[in-house]
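In: output the structure for:
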Amino acid sequence: MAKLPITPFEKIIKENGGKRVAFSAGEALAEIIGEIAAEIARKSALFAEHAGRKTVVRKDVELARKNLKL
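Out: Numbers count the residues shown, from 1 in each chain. The predicted structure is shown next:
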């Protein structure tokens, strides 16, 4: 899995009430979100394949998200 940049996740924490954010907190959030995104991507690809397509489309991603109950 590709490593995501930490700064945007630190910003998300601050925008949602965090006064100060440790680098490790941003790093942890990036890692968790990356894992969730990878799972959604895997399921999206399966849904596209099941539909007989090579291209993953928005509805595949949305269905994968629903399937994961997020």
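In: going forward, measure contacts between C-alpha atoms and count neighbours the same way
Out: OK.
In: got any ranges where this protein has weak pLDDT?
Out: 1 (pLDDT under 70).
In: residue at max distance from the center of it?
Out: Distance from the C-alpha centroid of the chain peaks at G52, with 24.6 Å (CA atoms, centre = their mean).
In: in what helix or strand does that one lie?
Out: Assigned by DSSP states H and E, G52 falls within no helix or strand.
In: what's it in contact with, if anything?
Out: The contact partners of G52, by CA atoms under 8 Å, 6 or more residues apart in numbering, come to none.
In: quick one: the most centrally placed residue in the chain from P5, how far?
Out: With the centre of the chain defined as its mean C-alpha position, the nearest residue by CA atoms, centre = their mean is A37, 2.8 Å away. Look at A37 and P5: by CA to CA, to the nearest Å, they are 14 Å apart.
In: likewise for F47?
Out: Computed as CA to CA, the F47 to P5 distance reads 28 Å.
In: those two: which has the busier surroundings?
Out: More neighbours surround F47 than the other of F47 and P5, with 20 against 12 (other CA atoms under 10 Å).
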